[in-house]
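> test case, fold it:
(one chain, ligands or ions: 3)
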Amino acid sequence: MNEAPVKIVPRSSEGGATAGGQPGRKLQIQVLRHNPQRQGSVPHWQSYQLEEADGMTLFIALNEIHEKLDPSLQFDFVCRAGICGSCAMVIDGRPGLACKTLTKNLGTTITLAPLPFFELIGDLSVNTGKWMRQMSERLHGWLEMKDKNPDIGRIEQTMDPALAEHIYELDRCVECGCCVAACGTARMREDFVGAVGINRVARFRLDPRDARSDADWYDLIGNDDGVFGCMSLLACHDLCPKDLPLQTQIAYLRRAMVRQGLG
Ligand code: SF4
Ligand code: F3S
Ligand code: FES
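Ligands and ions are numbered 1, 2, ... in the order given. Presented below is the predicted three-dimensional model:
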């Protein structure tokens, strides 16, 4: 099931062809269901009908289905505000966050499928956390301090506000997995770190407190599972729900790693 094709629609089409969003539209929500934990379960589409409410998101619609029609339907939500990244799924062929998707911006028939590539837990629930943790452990996706024995009583050192802003921009990743689910390279290379991994490296490479040099970064991502595996397909950039500048970061890091490799 993880091989299900993902149709990519450019980011510019967001909020495009809509059907008006009038309260009272009858929605047909088709969900790709499968529970790998249950013996004999086979992937199949199941249809649910409900009436659209004003301001309805897919989070609200799925909860209504869960409460009124089918308590067995599995899906993930935590924050309902585009912050935790747990509600990512394939919405009408395009990875996105269900809690940030208004039904009024979709047609009356909506298809929902789990993110491909990640381990399926059941129905629309996938284990992005397991993949993200493995990626982070491989990349040491945390601050490796220059000062190994920091004096915690010392007054905090300030950081240039523009640099802090730049780091913060990359830190906005919510690890939803949309970029990985949409990436052709990730489908072909199981160990590809994805745009989310490359973005993580870009974030710590910027940080003046981090001890690692470009030679260290090259050891981690100067290969086909890192920046040189990326084929610049850019679905990651088009689909990132946090609008992270992934295209720029990938291109910038690739140039830096080429320089490092040649040097
Ligand atoms: Fe999600 Fe964007 Fe982070 Fe990828 S880079 S995991 S699409 S927030
Ligand atoms: Fe994949 Fe994005 Fe590169 S979609 S191939 S990581 S540009
Ligand atoms: Fe947290 Fe959607 S529920 S991002």
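> what's the offset of stretch 48-65 from the middle of its chain?
Relative to its chain's centre, stretch 48-65 lies at 23 Å (CA atoms, centre = their mean, to the nearest Å).
> which residues does that stretch contact?
Contacts to stretch 48-65, defined as CB atoms under 8 Å, 6 or more residues apart in numbering, come from residues 21-31, 68-70, 73, 75, 77, 80, 87, 91, 98-104, 110, 112, 124. Where you see a C-beta, it was placed from the backbone N, CA and C, and this is true even at glycine.
> just stretch 231-238 next, same as before
8, 10-11, 178-180, 182-185, 194-195, 244-247, 250-251.
> first to last residue in it, what's the distance?
Length of stretch 231-238, first residue to last, CA to CA, to the nearest Å: 15 Å.
> next, the buried residues of it.
By 16 or more other CB atoms under 10 Å, the buried positions in stretch 231-238 come out as 234, 235, 236, 237, 238.
> next one: stretch 49-69
Those would be 50, 52, 53, 56, 57, 58, 59, 60, 61, 62, 64, 65, for stretch 49-69 by 16+ other CB under 10 Å.
> cool, and stretch 71-90?
Those would be 73-77, 80, 84-90, for stretch 71-90 by 16+ other CB under 10 Å.
> and these, which is closest to residue 217?
residue 85 (24.6 Å; CB to CB).
> returning to that earlier point: in a markdown table, list the buried residues of stretch 231-238 along with secondary structure, distance to ligand 3 and pLDDT.
As requested, those are exported to a markdown table (DSSP: H, G, I helix; E, B strand; the rest coil; distance: CB to the nearest ligand atom, whole Å; pLDDT from 0 to 100):
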| residue | secondary structure | distance to ligand 3 | pLDDT |
| --- | --- | --- | --- |
| 234 | coil | 23 | 96 |
| 235 | helix | 19 | 97 |
| 236 | helix | 17 | 98 |
| 237 | helix | 19 | 98 |
| 238 | helix | 18 | 97 |
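> that older thread, in strands, which of the contacts of stretch 48-65 fall?
Counted as lying in strands by DSSP state E, out of those, are 26, 27, 28, 29, 30, 31, 91, 110, 112.
> who in the protein is up against ligand 1?
For the chain, the residues in contact with ligand 1 (CB under 6 Å from any ligand atom) are 85, 173-179, 195-196, 199, 240, 242, 244, 246.
> pull out the buried residues from the ones in strands among the contacts of stretch 48-65.
The buried subset of the ones in strands among the contacts of stretch 48-65 (16+ other CB under 10 Å) comprises 27, 29, 31, 91, 110, 112.
> nearest to ligand 1, of the residues you listed?
residue 91 (13.7 Å; CB to the nearest ligand atom).
> on that earlier part again, now, which of the buried residues of stretch 49-69 sits nearest ligand 3?
residue 59 (6.4 Å).
> which residue does the stretch 101-250 of the chain bring closest to ligand 3?
Closest point on the stretch 101-250 of the chain to ligand 3, by CB to the nearest ligand atom, is residue 174, at 6.2 Å.
> check what pLDDT the closest residue to that residue other than its chain neighbours gets.
Spatial nearest neighbour of residue 174, chain neighbours left out: residue 85 (3.4 Å); criterion: CB to CB, 6 or more residues apart in numbering. Per-residue pLDDT puts residue 85 at 97.
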